[in-house]
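Colleague: starting from these lines, generate the structure:
(2 chains)
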Amino acid sequence: MSAPPGSETALTAADPPRLGERLRAAVQTRAFLVAVVVAVLVGLYAGGVAAGASAEHLASLTAWGLMLGGIIALGSIGLTLVYGVLKFPNFSHGALVTLGAYVTLTVMALLPAGRALAPLSFGYELIVGVIVAMPVVGIVSLAVDRVVYRRLRRTNAHLVLFAMASLAMLFLLQSIIYLGWGPEFHFYYPGRPNPALALPFGIRVRADQLFILGLGIVLMFAVAALLEWTRMGKAMRATADNPDLARIRGIDTERVIAWTWMLGGALAATGGTMYGLSSQLRPEMGFWLLLPMFAAVIMGGIGSAYGAMVAALIVGVAHQVSSSFLNPTYGPAVAFVLMVLTLIIRPQGLFGRPEG
Amino acid sequence: MSQVIVLKGLMLGVALSLIAMILLPPGRRGRIAGGAVLGLGLGFGIAATMPPGYLAYLISFLVMASIYAMLALGLNTQWGYNGHLNFGVAGFFAVGAFTSALFTIEAPTGLAAAYTQVAFGLELPFLAGVAAAAVVSGVVAFLIAVPVLRLRLDFLAIATIGIAEIIRLVFQNERWLANGPQPLRGIPQPGRCLFQSARCDWLPEWALWLVEPLGTRDYNAFYLVIVAVFLAATYALVERACRSPWGRMLRAVRDEEASAAMNGKAVAFVRIQSFVMGAVIMGIAGALYAHYMVAIDYAHFHALFATFLVWIMLMLGGSGNHRGAVAGAILVWGVWSGTSFLANALDPVLAMIHADMAGRAHYIRWLLVAILLAGVVLYRPQGLLSEEMRVSRYLRDGRGR
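Modeller: Numbers count the residues shown, from 1 in each chain, chains lettered A, B, ... in the order given. Next up is the predicted model:
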């Protein structure tokens, strides 16, 4: 455990700083972390060029990376809010993402099939599905909180028990998904053609991907506005900052926590549906996204929704660009490397404030 | 009694004695003798009365339960005694299994090489494979420990779950390494030749009659003895280590890091030691698993089977208590195996709910163990056997938590 930065400055007042201390002070800055992240991204592009990827291909990969980043961002906003407010890593968030995708699928099966909204590949029923899935997943995550986490909060349980309970909930929700929908892959529109648009600079993306990116950006701004300007958003930030102080100032923290779960669940459902639209639905999809989401949360700074959004885009781009020379299934590993680098250099992330 | 029953009873009895010695209450004089009598009695009794099919099931159950007990012991050194929130047990388990497999397997040649690719196959004996598994798993743990153990508890949990997933990805994608994603087959089993019609060449003439009636089907009983010996040795080792000053230091670092540091303990180094030691035990468990299964692939090391179940075992048994870890492993593996019968029974019920749901009943097992862990966390976080906060066996003041 490294000493909090405050104590170092106290030391340096008495002693001239030693080389190690000065080095650490220079390394643990935001600027150095940004430099390292940029270096990693440049390295990934260089790796792609070295592997013989064309500029057009790399540009397309970047566009796909931004799209994936939008999906990761939708998942990680809820994760970072819960992490900030309740102070534990919620492993079951991955299962909420999956659940959202499958609820959308079920709703779509109940609706009469409509025509595709060209050039997009999906029709109105997917949009209805998402709108239904958002509150459903929000309520599920709220129910899990009521049954499990609230009891732990009441007994002032250690962080470890929260983490373990969330691991249990991850497997509980995953088993329910397996029971309800089976282990097979599903598609929202099996066999529907989905041609890529030819954009300038030789970038080839599908209209759906642009829609996902657009929706991600819109929702990110909506969340930012919510946090910045509404009463509940301010209460959320206050609770994340200092729950005791928030309570003293008359904020009903339990209500804030409930809304945090609702918001996190709803965004996870959207992220899951978008991920399902861009590839396919499988019961482990959320677990697969868990590592990139945590990477975004930690890189952005725990509790910082904006940080998570920016970091998610970085993680998404790094993830996709690395596939130009690595096996694409190693994507989570690239996210993991970024996460560990952040933890080593500056555990409070790009936008977090120093601890202590 | 026929000779087969006597031999099987003996093997089962030895294994059960070792397990019983672990599980009997400690500090009593007759623990070892009592365990031996109880185990041998049970072993011969079961071998004599139980139909062969059930006996084979019991033996394979005990093998897996013992392997899981080793994993739980490894996790207990990390989490129970030193507070590492390691959610990546599966990673070290996989490293141990694949290492031992590669060290003992015969590198395929000719036509077989087109179907099975391995980085190397050294054809070393079983014990060398286990030792290699322990070393490699320890080295991997050390490399991970240096950057990651300085982190906060919750970061460690995220980092380890990531590492385990990446290790699994490596064994899934890298064909040259261990034939991924295809299973790695043909892992040799120690002493297998005793049970084959062509007996081992090292076996002296006079001993031939002894193993004469045994067939390959009886092999698992012999393997159970090996696993039980490893389990008992590991238990004795960690129990001794954790009762020593070293163990007290681990607990001091876990509970009062600042005061441990003030008393001159190198906190970071202590944390690395316990992490590596736990990983070594997990690696050995992986080796035992590989030689038991004969064929392994990346899918065996899913977070559910190799991390989640182990955590439930340790939490239910009691973290910080080695006896509890072993008891929890046997109990939870019993629940897990038992629910497979329950799941079969529930299949028609599910089919009545919806036609698609028939055949998915085995996912109910996941549901049940997840609820089990949530229940333990909510209602009895200290587990069945809680940690003994004892300083020395010479002090009578042994207060429980």
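Colleague: what's the residue closest to the geometric middle of chain A?
Modeller: Among the residues of chain A, the one closest to the centroid is A:Ser76, at 2.1 Å (C-alpha atoms, centre = their mean).
Colleague: for the host helix or strand of it, give the mean pLDDT please.
Modeller: For A:Ser76, the element it lies in under DSSP states H and E is helix A:55-86. For helix A:55-86, the per-residue pLDDT values average out at 88.
Colleague: buried sites along it?
Modeller: Within helix A:55-86, the residues that count as buried by 16 or more other C-beta atoms under 10 Å in any protein chain shown are A:57-86. C-betas here are computed from N, CA, C, even on glycine.
Colleague: quick one: residues contacting B:Gly359.
Modeller: By C-beta atoms under 8 Å, 6 or more residues apart in numbering or on different chains, the contact set of B:Gly359 is B:Asp347.
Colleague: in a strand, it, correct?
Modeller: No. With DSSP: H, G, I helix; E, B strand; the rest coil as the criterion, B:Gly359 is coil rather than part of a strand.
Colleague: just the pLDDT for it.
Modeller: With respect to pLDDT, B:Gly359 scores 73.
Colleague: near B:Tyr32, how many other residues are there?
Modeller: Careful, residue B:32 is Ile and not Tyr. As a burial measure, the neighbour count of B:Ile32 was computed by other C-beta atoms under 10 Å in any protein chain shown and equals 13.
Colleague: phi, psi of it?
Modeller: B:Ile32 has phi and psi values of phi -70, psi -50 when expressed as degrees, to the nearest 10.
Colleague: test my guess that it contacts B:Ala20.
Modeller: No. The pair formed by B:Ile32 and B:Ala20 falls short of the contact definition of C-beta atoms under 8 Å, at 9.7 Å.
Colleague: thinking again about what came up before, in the helix or strand following the helix holding A:Ser76, what's buried?
Modeller: Next along the chain after helix A:55-86, taking DSSP H and E as the criterion, comes helix A:93-110. The neighbour-count check on helix A:93-110 (16+ other C-beta under 10 Å) flags A:93-105, A:107-108 as buried.
Colleague: cool, and stretch B:93-108?
Modeller: Neighbour-count burial for stretch B:93-108, counted by 16+ other C-beta under 10 Å, picks out B:93-105, B:108.
Colleague: same deal with stretch B:210-219?
Modeller: Along stretch B:210-219, these residues count as buried under the neighbour rule (16+ other C-beta under 10 Å): B:211, B:214, B:218-219.
Colleague: same check on stretch B:158-167?
Modeller: Taking 16+ other C-beta under 10 Å as the criterion, stretch B:158-167 shows B:158-167 as buried.
Colleague: near chain A at all, that stretch?
Modeller: Yes. On the criterion C-beta under 8 Å from any C-beta of the partner chain, stretch B:158-167 is in touch with chain A at B:158-159, B:161-163, B:165-166.
Colleague: can you point me to the longest helix in chain B?
Modeller: In chain B, with assignment by DSSP state H, the single longest helix is helix B:322-353.
Colleague: name the helices or strands packed onto it?
Modeller: If you count contacts as 3 or more C-beta pairs under 8 Å, 6 or more residues apart in numbering or on different chains; DSSP states H and E, helix B:322-353 packs onto helix B:3-23, helix B:52-75, helix B:219-243, helix B:309-317, helix B:363-379.
Colleague: just checking, B:Pro213 is part of a helix?
Modeller: No. Judged by three-state DSSP, B:Pro213 forms no part of a helix; its state is coil.
Colleague: what does the pLDDT read for it?
Modeller: According to the model's per-residue confidence, B:Pro213 sits at a pLDDT of 78.
Colleague: all strands for the stretch 101-250 of chain B, in order.
Modeller: Counting by DSSP state E, counting those that start in this stretch, no segments of the stretch 101-250 of chain B form strands.
Colleague: residues from it in reach of chain A?
Modeller: So the stretch 101-250 of chain B meets chain A at B:147-148, B:150-155, B:157-159, B:161-163, B:165-166, B:169, B:172-173 (C-beta under 8 Å from any C-beta).
Colleague: can we see that at 6 Å?
Modeller: By the criterion of C-beta under 6 Å from any C-beta of the partner chain, the positions of the stretch 101-250 of chain B lying close to chain A are B:147, B:151, B:154-155, B:157-158, B:162, B:166, B:169, B:173.
Colleague: show the low-confidence segments of chain B, by residue range.
Modeller: Applying pLDDT under 70 to chain B picks out residues B:1, B:27-28, B:390-401.
Colleague: separation between the residue nearest to A:Ile314 when sequence neighbours are not counted and A:Ile345?
Modeller: In space, and not counting its chain neighbours, A:Ile314 is closest to A:Val37: 6.3 Å by C-beta to C-beta, 6 or more residues apart in numbering or on different chains. Taking C-beta to C-beta, to the nearest Å as the criterion, A:Val37 is separated from A:Ile345 by 9 Å.
Colleague: distance of the residue nearest to the centre of chain A from chain B?
Modeller: Distance, A:Ser76 to chain B, by C-beta to the nearest C-beta, to the nearest Å: 12 Å.
Colleague: just to check, that residue is in contact with A:Ala295?
Modeller: No. With contact defined as C-beta atoms under 6 Å, A:Ser76 and A:Ala295 do not form a contacting pair (8.5 Å).
Colleague: before we move on, back to that, winner for burial among the helices and strands packed on helix B:322-353?
Modeller: Relative to the other members of the helices and strands packed on helix B:322-353, helix B:309-317 carries the highest mean neighbour count by mean count of other C-beta atoms under 10 Å in any protein chain shown, namely a mean of 28.
Colleague: show me how far it is from its chain's centre.
Modeller: Taking C-alpha atoms, centre = their mean, to the nearest Å, one finds the center of helix B:309-317 at 12 Å from the center of the full chain.
Colleague: what packs against that helix?
Modeller: In this structure, helix B:309-317 makes packing contacts with helix B:52-75, helix B:322-353, helix B:363-379, judged by 3 or more C-beta pairs under 6 Å, 6 or more residues apart in numbering or on different chains; DSSP states H and E.
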